[in-house]
Structure formats: structure tokens, C-alpha cells
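**Student:** predicted structure and sequence below. I'll ask about it afterward.
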Amino acid sequence: MSPGTTVLDVDGLRMRYGSTDVLHDVTFQARHGEVLALLGPNGAGKTTTIEILEGFRSRSAGRVQVLGADPADGGERWRARVGVVLQSWRDHGKWRVRELLAHLAAHYTAYTRPWDPDELIAAVGLTAHAAKKIKTLSGGQRRRLDVAIGIVGRPELLFLDEPTAAFDPAARHDFHELVRGLADDQHTTILLTTHDLAEAEKLADRIVILDGGRVIADGSAADLARGIAGEDEVRWVHEGRRHTHRAADSTAFARELFARHGAAVQELEVHRASLEQTYLALVRHAEQESR
Ligand SMILES: Nc1ncnc2c1ncn2[C@@H]1O[C@H](COP(=O)(O)OP(=O)(O)OP(=O)(O)O)[C@@H](O)[C@H]1O
């Protein structure tokens, strides 16, 4: 698959539970090698969307293509190209970590070139626990194992539903490195849901925000920030005096500033609206509109 190919294509997706519509006309795409974060308040429809794309839930209407197939009838070969990290892997408590991953890797050899179990165990930081029974792992260690299970077949597309919820800061940092490595080095396309906006800002090439089952924003963190805040704040010191200026194009403004004053410009800082500020503004606005 080449860069620029559309790996996920969701068009007019609708989902109804009983008489309640929980997804209305959801449309977005993801390209090959892109990390897409799906954000939104509790109940916005993130898990429902991801489960439909994984082929675990039937949709009510709309067109969905995942790696060129409709997930509602994706066969085994298609499934082997898709990695899934569910909210938690509770079965197989008596299995040992290495034993389970070796077993799953063997299953994938018919379709893909799976990870070597020991390399994978090292990549998710479980080397010291490789011989332990799964039921004896801590919550965070089990979550690392969930991630290993999701990627063991070197999927072309990986779904991560709140992958770092139980991680300590070091595990979270290692996981971020692993995800960026999968996208940058192996060109894995990744769709993740998270409530951690700093995580989304760090990992995602693009962000889709769902609210009340509708897409209310789609773009890079910088695009979304520009759309809401409009301007960055530029601060600097010149001849001992502190200055502040708001600029729509802060890079062009800084270039001009240096062209005019050269090395006399000191302590330059550019402050862009954080994803947290942008997200809160977008969700508040959407909720006011729907009242
Ligand atoms: N099996 C079901 N039957 C009926 N309603 C459901 C079912 N599953 C989910 N819902 C409803 O669909 C809506 C979307 O739920 P979903 O789990 O997709 O949200 P979410 O964005 O993943 O939320 P969270 O951030 O809390 O995980 C919610 O209102 C939820 O109550």
C-alpha cells in the first residue's frame, strides 16, 4: 500500500440503537500511515464507530470501507491485516505472556510476517514478566499485553480504544514512542480514541472530534487551534522591553521581527492555543448549538 492511499473511508455512517440515533451522518477518512485520534465527550459515539470499523458491530446505514473492504463482510485474510486493542483482554488468565504471544504469532504466519514474540515483549516493556501468568499481571502490565496482542500480526491498520488509560507516566511515554514508531517506520495506519488531549496532540497527525454522534471538527491540532483561536500570541524582549503581539501567521511575523531587529530580539516565545483549549471551545460551541 502506498502513501496517500485511503485506508479508512467512512461516508454518511449512521447507527441507531432501538429508537435512538447515536451516530448521524459521520464522514471521515484516514490515509496510509496516518495516526488519527477520535476524540469526544462520554457517549459521543467513539466506541460505536470504532466497533463498526472493526467489523464487530453492524451499522444502520452509510458506506464504510476499511483496507478496501466492507468490515461487515471482511474475511479472515482481511482480519489478519487489522489489529485491535480492545478495552481489555480478560480471558486466557492461566496462559503465560510469552506463551500466548507465541501462540498468536504462529496463527498469523499463514497471512503476515508476525513479530518475534521476544522482540515484541521487549517493545512493550514486558521482558521481566514474560514467564508470568496473565492473571498475575498488574492493570498497566495487562494493558501493555493488550497492545502486544493488537500488534503481534504487524497489522496495516491498528485500532486502539483508550490504550493508555491505566498506564503510569513511563509506560505512557514508552507507548507513545511505540505508536509513533509503528506509524513512521512501519507505515501502520492508526485510529485511536483517548480522553487524554496531550496524548492526542503528541501522537495524532489528524484529529476528528465527535459530539452527540456528529463530527464537529476534523484537522491537525494546529488547524483546529487556528480555526478557533485564530491567532497565536508572540512574545519577545527588545532593548530591555517586553512586547506581545497576536499574529495569524506567527512564523511570518517572527521572520519579519528578526529581519527588522536581528540579534536584538531576545526571549522569543510563540504560544498556540493548546488542543485542550481548542477542544473545550469546540465542544461547548457544539453543545450550545444543539440546545
Ligand atoms: N448496545 C447498546 N445499546 C444501546 N445504546 C448503546 C449501546 N452501546 C452504546 N450505546 C449508546 O450509544 C451512545 C454512544 O456510546 P459509545 O460507547 O459509542 O460512546 P463513546 O464516545 O465511546 O463514550 P465513552 O467516552 O464514554 O467511552 C451512548 O449514548 C450509549 O449509551
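**Tutor:** Received, thanks.
**Student:** what residues of stretch 106-114 count as buried?
**Tutor:** Tyr108, Thr112, Pro114 (16 or more other Cβ atoms under 10 Å). In short, each C-beta sits where N, CA and C put it, glycine included.
**Student:** columns distance to the ligand, secondary structure and pLDDT on top of those, output as CSV?
**Tutor:** What follows is those, written out as CSV (distance: Cβ to the nearest ligand atom, whole Å; DSSP: H, G, I helix; E, B strand; the rest coil; pLDDT from 0 to 100):
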residue, distance to the ligand, secondary structure, pLDDT
Tyr108, 28, helix, 89
Thr112, 29, coil, 85
Pro114, 29, coil, 93
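**Student:** need these in TSV with distance to Leu275, can you?
**Tutor:** TSV is the format used below for those (distance: Cβ to Cβ, whole Å):
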residue	distance to Leu275
Tyr108	35
Thr112	34
Pro114	34
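**Student:** out of those residues, who's nearest Ala286?
**Tutor:** Thr112 (40.0 Å; Cβ to Cβ).
**Student:** contacts only, for the closest one.
**Tutor:** With contacts defined as Cβ atoms under 8 Å, 6 or more residues apart in numbering, the neighbours of Thr112 are Ala80, Arg81, Gly153, Arg154, Pro155.
**Student:** return the closest of the residues you listed with respect to the ligand.
**Tutor:** Taking Cβ to the nearest ligand atom as the measure, the ligand lies nearest Pro155 of those, at 21.2 Å.
**Student:** next one: phi and psi at that closest one?
**Tutor:** phi -70, psi 150 (degrees, to the nearest 10).
**Student:** number of nearby residues for it?
**Tutor:** Burial of Pro155 is recorded as 24 neighbouring residues (other Cβ atoms under 10 Å).
**Student:** what does the one 5 residues further on give?
**Tutor:** Neighbour count of Leu160, defined by other Cβ under 10 Å: 26.
**Student:** surely Val64 touches Ile52?
**Tutor:** Yes: proximity of Val64 to Ile52 meets the contact threshold set by Cβ atoms under 8 Å, at 6.4 Å.
**Student:** what about these two, which has more around it?
**Tutor:** Higher neighbour count among Val64 and Ile52: Ile52, with 24 against 20, using other Cβ under 10 Å.
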